[in-house]
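1. structure for the following, please:
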Amino acid sequence: MEELIKTVTEKANINPEQAKHAITAVMEFIKTKMPGMGEQIAALLAGGGGGDGIGDVIGSVRSKLGF
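-> Numbering: from 1, shown residues only. This is a model prediction of the structure:
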């Protein structure tokens, strides 16, 4: 999660607290629209992963979004 906060801070030119709020808002949106995906992404960001690699998570997101 810290790596994502750092990336958003740098790319969006905002402070870390603002980046954290933005990430939290996006995660809540994803959890609402795609509950299973939201949980997988949250676990990945928390370092758990739940046995799924990033490739599996991305593939699942692409499939659900029709990519």
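
2. show me what the helix or strand harbouring L44 is packed up against.
-> Here L44 sits within helix 35-46, counting by DSSP states H and E. If contacts are counted by 3 or more CB pairs under 8 Å, 6 or more residues apart in numbering; DSSP states H and E, helix 35-46 sits against helix 16-33, helix 54-65. The way it works is simple: take the backbone N, C-alpha and C, and place the C-beta from them, glycine included.

3. what comes up buried for that helix?
-> Buried residues in helix 35-46, defined by neighbour count with 16 or more other CB atoms under 10 Å: 37-38, 40-41, 44-45.

4. thinking again about what came up before, lowest average pLDDT across the helices and strands packed on helix 35-46?
-> Note on those: helix 54-65 shows the lowest mean pLDDT, a mean of 62.

5. and the residue positioned nearest the centre of the chain, how far is that from V26?
-> For the chain, the residue sitting closest to the mean C-alpha position, by CA atoms, centre = their mean, is I41 at 4.8 Å. Applying CB to CB, to the nearest Å, the value for I41 to V26 is 9 Å.
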